[in-house]
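attaching a predicted model along with its sequence, questions to come.
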Amino acid sequence: MIGGGSGSNTISTSATTYVGVFQAINSTISEDWTSADMPTAGTLSDFYVRLSGTPNSGGGTQSYTIYVRKNGVDAMSVLISENASTGSNTVNSVSFVAGDVLSIRVAPSGTPTGRAVRWTAKYQ
């Protein structure tokens, strides 16, 4: 199992940010600061995400989409919308070789309430 997140810090409600891989750190607009080089080949699957509360801030639809990225390209995602605080993607998977770069991108939509984010996935 692998995971990471933003610790107790909230993610942006208006800009795309990146959160930690293998660690809980402040989210940042720089993918380089939060990405990790994969040390071994494997497949990432069963991607689970938890927010510290719902994204619903009233009026319209608010959500966060959390993406697994491989070498700077979105590879799979989880959408957490309105009154949900968790989500998962157990259908898709992403294969990595040693040296590929893993990062986690968070994209807000509709000015959601700021929340902390945690994620886990299977890697084998």
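Structure received.

when you work out contacts or count neighbours from here on, use the C-alpha atoms and nothing else.
Will do.

which SSE is immediately downstream of the least confident helix or strand in the chain by mean pLDDT?
Lowest by mean pLDDT, DSSP states H and E among the helices and strands of the chain is helix 31-34, with a mean of 87. Counting by DSSP states H and E, the next helix or strand C-terminal to helix 31-34 is strand 36-37.

tell me what that next one is packed against?
Judged by 3 or more C-alpha pairs under 8 Å, 6 or more residues apart in numbering; DSSP states H and E, strand 36-37 is in contact with strand 101-109.

how about residues contacting the strand it packs on?
The contact list for strand 101-109 (C-alpha atoms under 8 Å, 6 or more residues apart in numbering) reads 11-21, 31, 34-38, 61-72.

whichever of the residues you listed end up buried, select them in ChimeraX.
To isolate the buried members of the contacts of strand 101-109 in ChimeraX, using 16 or more other C-alpha atoms under 10 Å:
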select :11,12,13,16,17,18,19,20,21,31,34,35,36,37,62,63,64,65,66,67,68,69,70,72
